[in-house]
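Enquirer: Quick one: sequence plus predicted model below, questions after.
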Amino acid sequence: MKGIVFTEFLELVEDKFGLEVVDKIIQQSNLPSQGVYTAIGTYDFSEMLGLLKHLSEHTQLSIDDLLLVYAEHFFSVLAGSYPGLIEKYNDPIELLSSIENHIHVEVRKIYPDAELPTFEVLEKTDTKLVMIYKSSRAMYSFGLGLMNKTFEHFDTTAKITFEKLKSDGTEVKFSIVKTNE
Ligand code: HEM
């Protein structure tokens with residue numbers, strides 16, 4: 001997992017819960033990196049799981065809720081760091097249906113070792129998108145947060161529902177329907 005995902009995560013934890021909580025979850029997680037990350041470095045995904053698990057214990061919020069909130073923050077980071085990728089689109093459904101064939105393809109050019117999910121589009125109309133998320137990292141709630149923010153970015157709204165195709169969350173079907181037209 002790329003360092004930018006860790007650095008932004010720890011910054012958000014510091015903002016919301018304070019530096020002591022950052023220190024505490026780093027200590028508890030027993031991290032090979034010792035919690036020292038650079039944005040362009042690459043670290044084991046298990047370090048993120050450790051941090052999330054201990055933050056979840058500390059805050060009594062589920063890991064899925066933490067990932068959802070984190071993704072909503074991460075969208076602004078992505079939009080700020082890669083404006084060109086997002087500005088190409090003038091519609092959220094166009095953007096979301098292009099993650100697999102355009103956006104994450106560009107991400108892989110920037111970070112060849114990025115660990116990205118796959119999205120398989122099953123159905124797409126002007127107002128509806130059905131796609132299957134697949135990833136061994138089971139970060140579908142992170143995907144949901146990014147989807148929410150994508151609609152907000154275009155000043156529009158949607159009803160997004162999902163169904164786990166595998167109970168561990170490694171395969172999840174998303175149904176996204178625009179609601180303001
Ligand atoms: C992960 C970039 C848009 C879904 C990532 C990572 C980067 C990235 C750098 C981390 C990879 C790693 O740690 O190795 C971008 C950029 C975007 C974008 C630059 C737009 C400009 C989106 C959108 C979604 C999405 C709109 C919505 C569903 C995900 C998910 C992950 C991820 C779910 C977590 C990894 C996993 O589930 O396996 N993306 N992304 N991305 N991205 Fe994107």
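Expert: Done, it's in.
Enquirer: following the worst-scoring helix or strand of the chain on mean pLDDT, which helix or strand comes up?
Expert: One helix or strand of the chain scores below all others by mean pLDDT, DSSP states H and E: helix 83-87, with a mean of 93. Next in sequence after helix 83-87, counting helices and strands by DSSP states H and E, comes helix 92-96.
Enquirer: same question for that next one, mean pLDDT?
Expert: The average pLDDT for helix 92-96 rounds to 98.
Enquirer: next one: stretch 59-67
Expert: On average, stretch 59-67 scores 97.
Enquirer: do stretch 172-181 as well
Expert: 91.
Enquirer: Buried residues, that stretch. List them.
Expert: Buried residues in stretch 172-181, counting neighbours by 16 or more other CB atoms under 10 Å, are found at 172-176, 178. C-betas here are computed from N, CA, C, even on glycine.
Enquirer: Establish whether the least confident helix or strand of the chain and the ligand are in contact.
Expert: Yes. Using CB under 6 Å from any ligand atom, helix 83-87 reaches the ligand at 85-86.
Enquirer: May I have that helix as CSV, with CA atoms only?
Expert: What follows is helix 83-87 as a C-alpha-only set of coordinates in CSV (Å, rounded to 0.1, in the frame of the first residue of the first chain):
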residue,chain,number,x,y,z
PRO,A,83,-6.7,17.5,-10.8
GLY,A,84,-6.1,16.6,-14.4
LEU,A,85,-7.5,13.1,-13.9
ILE,A,86,-10.8,14.3,-12.4
GLU,A,87,-11.2,17.4,-14.6
